[in-house]
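Participant: sequence first, predicted coordinates after that:
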Amino acid sequence: MGNELKFDQPVIIVGFSHSGTRLFAELLYDVGVFQVGQSKTFEWNYIQQLNDKIWSKWYDLTGISVGRIKQQSLLICKQELLENLIGFGYKGKVWGFKDPRGTITLPAWLERFPKAKVVIVIRHPYDVIGTLGDNYSKFSPNKRRPQEEIRFWSELWVKSYSFMFDFLENNFSDSFSLVKYEELCSNPMHVIKQVVEKLHIEVSNYSSVNEMKIYPASKKYRKFLNDGHISWDGLRVIAGVTESLSGKCNYDLDIS
């Protein structure tokens, strides 16, 4: 019964691309939450493929609604998922996964796993959009690098988080925790413990957290300004589009 309960309460780590979901997933893995990480992004192909089926274009939210996402929950076969986990060595302990696509597909996962715990990782929008690589160009409307289509990416950042926040706050207000990437980098032990305690996640130990090398979350957009990767006008566009959500998360958009 205990193992079944743990399987029914996965830790789902979500957040926009380049927001620090990989770092949080690795830290959570180190303190004892079972995860399958098959790539440098610490993501599991099986989960990625499921999320792609639930909503095939994470970068195009035209017509999206909680109802439409929930209808896709039957694509998630719990028995198949469990068997796949066991194939990677799962033995009934607390488990979880991270995938930025989950920011959009979360209603389907919580339809199948209503007792899941959700961790949302967010990062300053200047640094998120500034660090998106050229490989994201294929998702841009005009196939240009994100820093040349800043309004699109700024709006997508806002829409993605707003969609998720609205859903969670109305339905699962006690089952999620918001993590700011900047705070995670500056004090990982404090942030991990805070999330674990709030969501009642069973972990093994915290000793490995102090051993992980974490670089400070400096304002990378200043470097991008200096090397011409992003422009002042671009930052002003980001500020204008993201102002409301950034304010809600206490991000300072002052670029003076």
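Facilitator: That came in fine, so what should we check first? Treat the numbers as computed from the prediction; the structure is a model and nothing was measured.
Participant: quick check: P114 vs C249, distance?
Facilitator: 26 Å (Cβ to Cβ, to the nearest Å). Where you see a C-beta, it was placed from the backbone N, CA and C, and this is true even at glycine.
Participant: these two: who's more crowded?
Facilitator: C249 (16 against 12; other Cβ atoms under 10 Å).
Participant: check contacts around that one.
Facilitator: I122, L178, K180 (Cβ atoms under 8 Å, 6 or more residues apart in numbering).
Participant: can you tell me the SS state at F97?
Facilitator: Under DSSP: H, G, I helix; E, B strand; the rest coil, F97 falls in the strand class.
Participant: number of residues surrounding the residue lying closest to it once chain neighbours are set aside?
Facilitator: Once flanking residues are discounted, F97 sits nearest to I47: 4.9 Å by Cβ to Cβ, 6 or more residues apart in numbering. By other Cβ under 10 Å, the residues close to I47 number 23.
Participant: wait, I47 sits on D99?
Facilitator: Yes - here I47 reaches D99: they are 5.3 Å apart, a contact under Cβ atoms under 8 Å.
Participant: near K138, how many other residues are there?
Facilitator: Residues within reach of K138, counting by other Cβ under 10 Å, total 8.
Participant: pLDDT at it, what is it?
Facilitator: pLDDT, K138: 96.
Participant: so where's the stretch 51-200 of the chain uncertain?
Facilitator: Along the stretch 51-200 of the chain, no part satisfies pLDDT under 70.
Participant: which parts of it are helices?
Facilitator: 66-71, 78-87, 102-112, 125-131, 150-171, 181-186, 188-199 (DSSP state H, counting those that start in this stretch).
Participant: for D174, list the residues it contacts.
Facilitator: No contacts exist for D174 under Cβ under 8 Å, 6+ apart.
Participant: distance of it from L168?
Facilitator: 10 Å.
Participant: repeat for Q49
Facilitator: Q49 is 24 Å from L168, by Cβ to Cβ.
Participant: same deal with G102?
Facilitator: For G102, the distance to L168 - Cβ to Cβ - is 12 Å.
Participant: so for the two, which residue has more residues nearby?
Facilitator: G102 (26 against 20).
Participant: let me know whether the more buried one touches I12 as I believe.
Facilitator: Yes - at 5.9 Å, G102 counts as touching I12 under the criterion of Cβ under 8 Å.
Participant: joint contacts of the two?
Facilitator: Between them, G102 and I12 share the contacting residues W109, judged by Cβ under 8 Å, 6+ apart.
Participant: nearest residue to M189 in space, please, no chain neighbours.
Facilitator: V209 (5.1 Å).
Participant: now for that neighbour: which residues touch it?
Facilitator: L27, D30, V31, P188, M189, I192.
Participant: so what's it scoring on pLDDT?
Facilitator: Value listed for V209 in the pLDDT field: 73.
Participant: and what of F224?
Facilitator: 79.
Participant: how near is it to D252?
Facilitator: F224 sits 17 Å away from D252, going by Cβ to Cβ.
Participant: which one of those two has more residues nearby?
Facilitator: F224 (20 against 10).
Participant: and the strand or helix carrying the more buried one, how far from the chain's centre?
Facilitator: Using DSSP states H and E, F224 maps to helix 220-226. Centroid separation for helix 220-226 versus its chain: 24 Å, with Cα atoms, centre = their mean, to the nearest Å.
Participant: what's the answer for stretch 99-115, then?
Facilitator: Taking mean C-alpha positions (Cα atoms, centre = their mean), stretch 99-115 and its chain are 11 Å apart.
Participant: and that stretch, what's buried?
Facilitator: 99-113 (16 or more other Cβ atoms under 10 Å).
Participant: need the CA coordinates for that stretch. CSV is fine.
Facilitator: The C-alpha coordinates for stretch 99-115 follow below in CSV (Å, rounded to 0.1, in the frame of the first residue of the first chain):
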residue,chain,number,x,y,z
ASP,A,99,9.9,18.5,-18.6
PRO,A,100,9.3,22.1,-19.6
ARG,A,101,6.4,20.8,-21.8
GLY,A,102,4.7,19.9,-18.5
THR,A,103,4.0,23.6,-18.0
ILE,A,104,1.3,23.2,-20.6
THR,A,105,0.3,19.5,-20.1
LEU,A,106,0.1,19.7,-16.3
PRO,A,107,-3.8,19.5,-16.2
ALA,A,108,-3.6,16.1,-17.9
TRP,A,109,-1.0,14.8,-15.4
LEU,A,110,-3.0,16.0,-12.4
GLU,A,111,-6.1,14.4,-13.9
ARG,A,112,-4.3,11.1,-13.7
PHE,A,113,-2.3,11.8,-10.6
PRO,A,114,-4.4,14.2,-8.5
LYS,A,115,-2.1,13.7,-5.5
